[in-house]
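Enquirer: I'll drop the sequence and a predicted model, then ask my questions.
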Amino acid sequence: MALTLDELFDRVQKPARYTGGELNSVVKDKSKVNVRFAFCFPDLYEVGMSHLGMKILYGLKNAVEDFWCERVFAPDTDMEALMRENGIPLFALESRDPVREFDFVGFTLQYEMCYTTILNMLDLAGIPLRADQRGEDMPLVIAGGPCACNPEPLADFFDIFILGEGEEVNLELMTLYREHKQQGYDKQRFLKAAAQLEGVYVPAFYEVSYHEDGRVQAITPIGGVPATVRKRVIRDMDTAYYPEAFVVPFIDIVHDRAMSEIFRGCIRGCRFCQAGFIYRPVREKSVETIDRQSRCLCETSGYEEFSLSSLSTSDYTHLEELLTQLLSWAEEQHTNISVPSLRVDGFSEELANRLNVLRRNGLTFAPEAGTQRLRDTINKNLTEDEILETARRAFSGGWTSVKLYFMMGLPTETAEDIVGINTLGQKIVNCFYQNPNKPKGKGVTVSVSVSCFVPKPFTPFQWEPQDTLAQLEEKQRLLRESVTTKKVSLSWHDAKTSYLEAVLARGDRRLGAVLEEAFRRGFNLDAWSEHFDFDAWMDIFRNQGLNPDFYACRRREEDEVFPWDHIDVGVTKAFLWAENQRAHEGVTTPHCRQECSHCGAACFKGGVCVERR
Amino acid sequence: MNDVKDFTTVRIVFSKKGRARYISHLDLNRTMTRAVRRAGLPIWYTEGFNKHPYLTFAAPLSLGFEGERETMDLRLERDMPMDELVSRLDAVMPEGLRILDAAPAVKKAGEVACAVYRLTLNCPVEAVNSLLAQESITAQKRTKKKELVTVELKPVLDAAQGCVSECPEGTRWELTLPMGSELSVNPSLIVAALREQQGLPTLSAQVLRLRVLSKDGTEFV
């Protein structure tokens, strides 16, 4: 006899991942709802529930009376096995209704390694994987998020991709759907109409042709859709929707706190960083808006901590004013403020102490590269002096550990740059011992964490080859051997995962067959190292007659047509190429508040592009 | 003047039912802390490096069990009317948790002696009666050192003032089990014994804790 859902809960780890019923979750009367949206996060509950974008879109959709948005996460392997055994399809947490019965099934694409999990979730929901296998009786399967800027490896599986920021376009799409539903829904007609909305990309309306060697020859729109699809941008962050309440989970999740977004975009333009380009232009919220929203979220959630969210906290133009304002009530209410990626240099000691910056976050730096030459190449404007000065300040305050983040495999990188990682670590160790007031009997630990560079679309490095696995392993060896003290402790990310990430990040539609075979072989939750089987992935590429090196390790010509060339994020290809050339010359580019570099994002007429300088 | 207590300890009675039964003890602590903050109660914070509200539970409830009258102690930095505390806290509770009562704590946590449970079982009454008729009733239990040991439940069940009756699901069994520092028996052990020794592999049980009792036999509130 098949077990019921409740009986499953008694048999799995952490059942509260699946029960729903958390504070501030939204339950509506189905009979009064016209459009149902299943917001799917292709990872475990603890990861998905930490994601700010989901909280915004969940609140936004549910604020419309006859729309109902519910949450769906990937079940862990124990729950999934029991669901399959007992014929229980993937369900949404609020209503426990099968995801298959919804109007929209929307995935957020945060990370390439989640792609197999998406296919597995569709299958668990009883939804055919490929868009062309789904008829009128099936939900529309859509996706958005950062990886949607090159969604091509997933093109076969999705009806719609949403490009850019979702607040306006999600509601426009759902409203259009409601109209079509009232007039008699026809999937093709709806998709045609949807493709006219800015930021809506219907992959089936674009044909891709290839050269014999596998490079894209052309991307051709069919049936009157725009030749390029431009991402959506929220122009004014002060009037943009922000939730008044977060769903408060019972179990401990990765980021279990309230979050206040302080700005979108980044002025910096680090050349490896996709987020730094696809979210342009920088648009800030005012101090008053952030203060009001933070206070409201803490009151409705009871959270004892909230964090300021952005790509680079220190670049907020009124940071001291903001923090002073927030502290004025947070201290009284025993609420902690977490300030990630804060640069302590040039920050008042008093404020740093009140925020407990060091105790809460430890001292972390992301120099990304070991030498100034390479930091200039990647346009990372952090000098050795700044790093050492901050370390000195922390050590004189009694701190004994520092964490540093680097990448290896960056374009133009040499052995000198690799050894430079350790040299910098060693200099910080020396700072500790030069400190006259160093705590007695205590040593210092400098943790160096090294990840492998993955070239991404819409960055100046989108033309660059990733280092081969052999090169990366050789560099890891070199780095290991350069470290001669136990005071520098090394750790690194698995190069094989980064390689597959690189393949998928710049992949084309032909990779759909690879993903489908991976799913058929039972791949799931590949973002978790215990589930990741590299050799099996390579076997699938061989089976499908595709060479992963073609995607990851090939240098592209300036005029190559990229699989994502029909997608427009504002920043132009010409600007990115110019940035690529400057990288090879070792020339830095000033940030947006110093000088406009004419990247193209001014077309959105918002934020820093229109501010008076 | 550090030895002067600057707080009042209040014992709160609450129920934990439905989906809330899947909130583990550790998670319940966090859930309640946040509820107390939402309610804006004058909660007392611990001193020291990591200040936090002080909440304790004299008798933690296992994951998956429901509770009719559970207790939690919290400290207030100033007095307030108890009925106001109950209504303000109850208004901010998530689904399945209800605040029933509050009063200054009198009994000490160490006075907890036993608890009355109601098991709802999908098996016939005869299975339970036949288990109770056995000369020895044993179940396997994992110790804190992760070793498997066999425990004899016969004396506990003889003293449990059990009441077995029929119900739509199968059998309803109310019984009192010790819960103290010397001896503590979790109802899941009784269910395991029934499953193993009466050959009921598909046995499932809903467990509801009706009340917690003190050494003097009165309710621990």
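Expert: Everything's here; your move. Numbers count the residues shown, from 1 in each chain, chains lettered A, B, ... in the order given.

Enquirer: Let me see the domain layout of chain B.
Expert: Domain ranges of chain B: B:8-106, B:111-214, per automatic domain parsing.

Enquirer: The last one spans what distance, first to last residue?
Expert: Yep, that's domain B:111-214 we're talking about. Distance between the two ends of domain B:111-214: 5 Å, counting by Cα to Cα, to the nearest Å.

Enquirer: can you tell if it touches chain A?
Expert: Yes: residues of domain B:111-214 contacting chain A under Cβ under 8 Å from any Cβ of the partner chain: B:202, B:204. Where C-beta positions appear, they are placed from N, C-alpha and C, glycine not excepted.

Enquirer: So for that domain, mean pLDDT?
Expert: Mean per-residue pLDDT for domain B:111-214: 93.

Enquirer: dump the residue contacts of the closest residue to chain B within chain A.
Expert: Closest approach between chain A and chain B, counting by Cβ to the nearest Cβ: A:G302, at 3.2 Å. With contact taken as Cβ atoms under 8 Å, 6 or more residues apart in numbering or on different chains, A:G302 is in contact with A:248, B:33-38, B:92.

Enquirer: Near residue 89, how many other residues are there?
Expert: All of this refers to chain A. Using other Cβ atoms under 10 Å in any protein chain shown, A:P89 is surrounded by 16 other residues.

Enquirer: The intended chain is chain B.
Expert: By other Cβ under 10 Å, neighbour count at B:L89 equals 23.

Enquirer: burial of residue 94, as a residue count?
Expert: With no chain named, the answer covers chain A. 22.

Enquirer: could you do chain B instead?
Expert: 19.

Enquirer: which non-adjacent residue is nearest it?
Expert: A:L23 (4.1 Å; Cβ to Cβ, 6 or more residues apart in numbering or on different chains).

Enquirer: And for A:L388?
Expert: A:L388 sits nearest to A:C431 (Cβ to Cβ, 6+ apart), 5.8 Å away.

Enquirer: for the one you found, what are its contacts?
Expert: Here A:C431 is in contact with A:388, A:391-392, A:395 (Cβ under 8 Å, 6+ apart).

Enquirer: And the helix or strand hosting it, how far out from the chain middle?
Expert: For A:C431, the host element (DSSP states H and E) is helix A:415-434. Its chain's C-alpha centre and that of helix A:415-434 lie 30 Å apart, by Cα atoms, centre = their mean, to the nearest Å.

Enquirer: Could you check it and say which residues are buried?
Expert: A:417-422, A:424-426, A:428-429, A:431-432 (16 or more other Cβ atoms under 10 Å in any protein chain shown).

Enquirer: Any residues of the stretch 251-400 of chain A in contact with chain B? List them.
Expert: A:251-252, A:299-304, A:333-334.

Enquirer: give me that answer again for 10 Å
Expert: Contact residues, the stretch 251-400 of chain A versus chain B (Cβ under 10 Å from any Cβ of the partner chain): A:251-252, A:256, A:298-304, A:333-336, A:359.

Enquirer: what residues are up against the residue in chain B that chain A sits nearest to?
Expert: Closest to chain A within chain B is B:R34: 3.2 Å, counting by Cβ to the nearest Cβ. By Cβ atoms under 10 Å, 6 or more residues apart in numbering or on different chains, the contact set of B:R34 is A:23, A:248, A:256, A:301-304, B:53, B:92, B:94.

Enquirer: Tell me the pLDDT of residue 42.
Expert: Just going to use chain A. 97.

Enquirer: My question was about chain B, not that one.
Expert: At B:P42, pLDDT is 93.

Enquirer: contacting residues around it?
Expert: Contacts of B:P42 (Cβ under 10 Å, 6+ apart): B:7-8, B:36, B:75-80, B:85.

Enquirer: Touching, B:L55 and B:L76? I think so.
Expert: No: because the distance of 11.6 Å does not satisfy Cβ atoms under 10 Å, B:L55 is recorded as not touching B:L76.

Enquirer: Give the residues shared as contacts by these two.
Expert: B:36, B:43.

Enquirer: can you pull out the strands in chain B?
Expert: Ranges of strands in chain B, per DSSP state E, are B:8-16, B:55-56, B:66-76, B:97-104, B:112-121, B:138-142, B:148-152, B:163-167, B:170-178, B:205-214.

Enquirer: Counting by contacts, list what the third one packs against.
Expert: Contacts of strand B:66-76 with other secondary structure elements, assessed using 3 or more Cβ pairs under 10 Å, 6 or more residues apart in numbering or on different chains; DSSP states H and E, are made with strand B:8-16, helix B:25-38, strand B:55-56, helix B:82-90, strand B:97-104, strand B:112-121, strand B:205-214.

Enquirer: which secondary structure element contains A:E481?
Expert: A:E481 belongs to helix A:469-482, assigned by DSSP H and E.

Enquirer: Name the residues of that helix that are buried.
Expert: The neighbour-count check on helix A:469-482 (16+ other Cβ under 10 Å) flags A:469, A:471-472, A:475-476, A:479, A:482 as buried.

Enquirer: could the residues you listed be laid out in JSON lines, adding pLDDT and distance to chain B?
Expert: Listed next are the buried residues of helix A:469-482 as JSON lines, based on pLDDT from 0 to 100; distance: Cβ to the nearest Cβ, whole Å:
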{"residue": "A:L469", "pLDDT": "94", "distance to chain B": "41"}
{"residue": "A:Q471", "pLDDT": "95", "distance to chain B": "45"}
{"residue": "A:L472", "pLDDT": "94", "distance to chain B": "41"}
{"residue": "A:K475", "pLDDT": "95", "distance to chain B": "41"}
{"residue": "A:Q476", "pLDDT": "93", "distance to chain B": "38"}
{"residue": "A:L479", "pLDDT": "94", "distance to chain B": "36"}
{"residue": "A:S482", "pLDDT": "92", "distance to chain B": "38"}
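
Enquirer: what's the closest of the residues you listed to B:R211?
Expert: Set against B:R211, the nearest of these by Cβ to Cβ is A:Q476 (61.4 Å).

Enquirer: Export the strands of chain B as a markdown table, with columns for mean neighbour count and distance to A:M83.
Expert: Shown next, in a markdown table, are the strands of chain B (neighbours: other Cβ atoms under 10 Å in any protein chain shown; distance: least, Cβ to Cβ, whole Å):
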| stretch | mean neighbour count | distance to A:M83 |
| --- | --- | --- |
| strand B:8-16 | 20 | 26 |
| strand B:55-56 | 16 | 35 |
| strand B:66-76 | 20 | 24 |
| strand B:97-104 | 18 | 27 |
| strand B:112-121 | 21 | 25 |
| strand B:138-142 | 15 | 27 |
| strand B:148-152 | 10 | 30 |
| strand B:163-167 | 12 | 29 |
| strand B:170-178 | 20 | 26 |
| strand B:205-214 | 20 | 21 |
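
Enquirer: Could you break chain A into its assigned domains?
Expert: Following automatic domain parsing, one gets these domains for chain A: A:5-230, A:347-607.

Enquirer: looking at the ones you listed, which has the lowest confidence?
Expert: Taking the mean pLDDT of those, domain A:347-607 comes last: a mean of 91.

Enquirer: Am I right that B:D79 is in contact with B:V10?
Expert: Yes: using Cβ under 10 Å, B:D79 is in contact with B:V10, at 9.2 Å.

Enquirer: who touches both of the two?
Expert: With Cβ under 10 Å, 6+ apart as the test, B:D79 and B:V10 both reach B:85, B:104.

Enquirer: Mind checking which of the residues of the stretch 251-400 of chain A next to chain B land in strands?
Expert: A:N336.

Enquirer: Closest to B:G217 out of the buried residues of helix A:469-482?
Expert: A:Q476 (68.3 Å).

Enquirer: In space, what's closest to the closest one - neighbours in sequence excluded?
Expert: In space, A:Q476 is closest to A:W492, 6.1 Å off (Cβ to Cβ, 6+ apart).
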